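Participant: Predicted coordinates and the sequence they were generated for:
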Amino acid sequence: MPYIRLSIARPRRGEEKRLEELFRQLSDMAASMPGCLQSLVLKPHDDSGEIARISMYDSEESAASIANNPRFMSLRAEVHLASEAGHAERAFFSI
């Protein structure tokens, strides 16, 4: 059953390009690893300034394995520094 992870963040002032680059690095890294079916970086059509990353995995176990990779964890820590408080991390199962 596919497992989806969605991250939505708003960059801190002056961190717009940095946050987008971090999301791209996370997306590219996830997409290159076994178990990741697809990973995308998204921007909304509105002017909210938010940026999102959505990744689809073949299982929760695959997602957890990728998320626990030391480099992946390091990039996620940088995302928290480059984004405003309230960064959303959600996970979904297909039904």
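Facilitator: That came in fine, so what should we check first?
Participant: which residues in this structure form strands?
Facilitator: 3-9, 36-42, 51-57, 88-93 (DSSP state E).
Participant: any chance of the ones you listed in CSV, with distance to residue 77, mean pLDDT and mean neighbour count too?
Facilitator: Heads up, the C-betas are built off the backbone N, CA and C, glycines and all. Formatted as CSV, the strands of the chain follow (distance: least, CB to CB, whole Å; pLDDT from 0 to 100; neighbours: other CB atoms under 10 Å):
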stretch, distance to residue 77, mean pLDDT, mean neighbour count
strand 3-9, 13, 96, 19
strand 36-42, 18, 97, 16
strand 51-57, 15, 96, 21
strand 88-93, 13, 88, 12
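Participant: Rebuild the ones you listed as TSV, extending it with distance to residue 73.
Facilitator: Below are the strands of the chain laid out as TSV (distance: least, CB to CB, whole Å):
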stretch	distance to residue 73
strand 3-9	14
strand 36-42	16
strand 51-57	15
strand 88-93	13
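Participant: Can you report how many residues lie near the closest residue to residue 36 other than its chain neighbours?
Facilitator: Once flanking residues are discounted, residue 36 sits nearest to residue 30: 4.6 Å by CB to CB, 6 or more residues apart in numbering. Neighbour count for residue 30, taken as other CB atoms under 10 Å: 24.
Participant: Many thanks, we can stop here.
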